[in-house]
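Enquirer: This is a predicted model, with the sequence first.
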Amino acid sequence: MGPSFNEQFDQHGAWRREFAQQLKRLAEWMSSHELMDAAVQERLQRLEEQVRSDKVMVAFVAEFSRGKSELINAIFFADYGRRIMPASAGRTTMCPTELGYDPEFNPSLRLLPIDTRLQLQSLAEWRLRPERWQEIPLDVSNPDQIAKALEKVAEVRKVSLDNARALGFWHDDLTDENPVPDAQGLVEVPMWRHAIINIPHPLLKQGLVILDTPGLNAVGAEPELTVNLIPQAHAVVFILSADTGVTRSDLSIWRDHLAISSDGMDARLVVLNKIDTLWDTLNSAQQVEAQLERQRSTSAEMLGVPLERVVPVSAQKGLVAKITADDVLLETSGLPVLEDSLARGIMGRRQSILRAAVASGVASLRAETSRVINIRRRDLDDQMAELRSLRGKNASVIESMRHRIEQEQREFDMSAAKIQAVRAVHLKLLRDVFQQLGAKALKAELSALAQTLQQKGLKLGIKKIYIETFDKLRGTLDKAQASGTEIQAMLGGTFRQLNAEFGFSLQVPAPPQLEHFTHDLNQIEQSHLQYLGVSNALKLAQPEFAERLVRALAMRLRTVYESAANDLELWSKSATAQLDAQLRERRRSFARRIEAVDRIQQAASGLVERISEIEAGEGELSQLEHKLQELTAQLIAVPGLHTTPADEQLAPA
């Protein structure tokens, strides 16, 4: 068995830190050798930020009393020597809870009051209003204080049926899901709508985010949780109880919220928890094992997942075993098998995605930087030929050469107007794309869906509206892709012309690729269509709930559109950066050529000195290229990543 999830995540964090340091060293080296411009600097900063701030979210989803919080304690917090998340008998975590670490905030528990559900703002909008959250400081050196503070996520309050209905916890037509009223006719609802725990736990500091979700009623009442947070998780752990197997409420959560995998590769694990309830001294070990295997097989069949994705565990015994260092009990608890499945299922895939993204970006930067070095080498060769032709020539010939260089420089400067015209067209096309992907355009595309959802009563034909809306959204991305291809074609023609006129080596990049954003839209559409099943039809009949749903959708789509616009902007800057670099190098070359002629005119020894300087400069360029290969080789060397022909030409001999 491989390293545990905690160990492998720790290794992943160390790899990310080293990767970020390598990127930083590359940026510093490029800057010190005048190979850095604003566009290259931005790309390197984005790559470094992507590596440093990469988050991995694991969502734990279960009906009440399945041992979910205890499982989180066992996997992540056993080092505290006690329970951190509340995990007593009965209902514990009553509101969705995120555990992570943001160094901009002090260690704390932040709680959003449940009454915010009476207003239409989404969770994402409430996050921007810190004054509405109750904040409780956490003493990271005191596990007892942390555990005591976190008990607040289990707080409840009693409300009338009307209030429960307005908050989304009572549905007249869904009697099976409603809480049981007490003698006064009041029902119990969570005190808090959402909780954010910010503590510098080693794994959380390295980018792990844990999402702890309460049972069916609470999950179903918060559409943003269902259609945004859970689908974006890199892994989902769905917890059942070994003594009951898949109950009707378990099946409702699975079918309504988890049946569709959040990515192309299935990242869902089913945990059959509380296997210690089957440990019976009246039955033999073989009988207990057979009973457990029957539960595994039945659960796998009912949920439609492979048998190997159903992992039997005793979270309680695993936690005890870790705290007491009982290796035999730990093995018996099954916890190491679950941790191994989590580690292999998340960390390997996450690292390969991150490696490929960085390698692709660095390979592109290396190709552009090598072109700049080659331009400098070619300019030195031209200067060398020019200077050698002056050997033995009189002053008039040298002066004539100076005039010729100045004439070339004037002609080159005149081309700036042509380049600026191309830039103006380029920027206009980009602005048009940004408008297509802007918030105003998105609101217009969602208007028909929003109007349909806000109608009273059952939303007949809502799926058709959803499908039509997403067809329009995909069409917008297709138009953005077409605009990117148009910009690329325009730049291609301009680059070819400049190469012919001025001897540049401009290479038009491949068109921007927005297919993965279309894939994101498809995933969002699937999660929403899944949510529009018959079981949610009565909830959708409530205007407030429908409004929250469309707001959650709009926030998610805005993120996709903004990411697509950012990618297009970065592609555009990368495409024009090489033009800026070659213009800069050419101006620098003119200055050096005129300076060399002036020195030759002033002293007889100037010609020999300048030729020696150029020879030394050619050696320095060879060293630069060798160092570039060295600094980028490890960043680009990704298993399974195919290099382009341009990259292969850059490889050291």
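Expert: Cool, got the structure.
Enquirer: tell me what the strand or helix carrying residue 19 is packed against?
Expert: Counting by DSSP states H and E, the element that carries residue 19 is helix 5-32. With contacts taken as 3 or more C-beta pairs under 8 Å, 6 or more residues apart in numbering; DSSP states H and E, helix 5-32 sits against helix 38-52, helix 68-76, helix 202-205, helix 335-342, helix 348-388, helix 606-636. To be clear about C-beta, it is placed using only N, CA and C from the backbone, and glycine gets the same treatment.
Enquirer: Now do the third one: which elements does it pack against?
Expert: Which is helix 202-205. helix 5-32.
Enquirer: Quick check: buried residues in the helix it packs on?
Expert: 5-6, 8-10, 12-13, 16, 19-20, 22-23, 26-27, 29-30 (16 or more other C-beta atoms under 10 Å).
Enquirer: I'd assumed residue 209 was in a strand, is it?
Expert: Yes: assessed by DSSP: H, G, I helix; E, B strand; the rest coil, residue 209 belongs to a strand.
Enquirer: which ones are touching it?
Expert: 55, 56, 57, 58, 98, 99, 100 (C-beta atoms under 8 Å, 6 or more residues apart in numbering).
Enquirer: quick one on the thing from earlier: specify which member of the buried residues of helix 5-32 is nearest to residue 160.
Expert: Within those, proximity to residue 160 (C-beta to C-beta) peaks at residue 5, which comes in at 44.3 Å.
Enquirer: mind listing what the closest one touches?
Expert: 75, 339, 340, 342, 343, 346, 347.
Enquirer: Apply 6 Å and report the result again.
Expert: 339, 342, 343 (C-beta atoms under 6 Å, 6 or more residues apart in numbering).
Enquirer: Mark which of the residues you listed are buried, thanks.
Expert: Looks like those have 339, 342, 343 buried, using 16+ other C-beta under 10 Å.
Enquirer: Skipping adjacent residues, who's closest to the last one in space?
Expert: What it means is residue 343. In this structure, residue 343 finds its nearest non-sequential neighbour in residue 8, 3.9 Å apart by C-beta to C-beta, 6 or more residues apart in numbering.
Enquirer: Surely that neighbour is in contact with residue 347?
Expert: Yes: judged on C-beta atoms under 6 Å, residue 8 makes contact with residue 347 at a distance of 4.7 Å.
Enquirer: before we move on, the earlier item: can you redo the helices and strands packed on helix 5-32 as TSV with distance to residue 470 and mean pLDDT?
Expert: What follows is those, written out as TSV (distance: least, C-beta to C-beta, whole Å; pLDDT from 0 to 100):
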stretch	distance to residue 470	mean pLDDT
helix 38-52	28	80
helix 68-76	32	89
helix 202-205	35	83
helix 335-342	32	86
helix 348-388	25	82
helix 606-636	37	85
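Enquirer: deepest of these, which one?
Expert: helix 68-76 (a mean of 26; mean count of other C-beta atoms under 10 Å).
Enquirer: Give me the contacts around that one.
Expert: 60, 62, 83-85, 87, 92-93, 239, 315-316, 318-319, 335.
Enquirer: Narrow those to those in helices?
Expert: 315, 316, 318, 319, 335 (DSSP state H).
Enquirer: Show me which of the residues you listed is closest to residue 193.
Expert: Nearest to residue 193, judged by C-beta to C-beta, of these is residue 315 at 26.4 Å.
Enquirer: Check what pLDDT that closest one gets.
Expert: Looking at residue 315, its pLDDT stands at 93.
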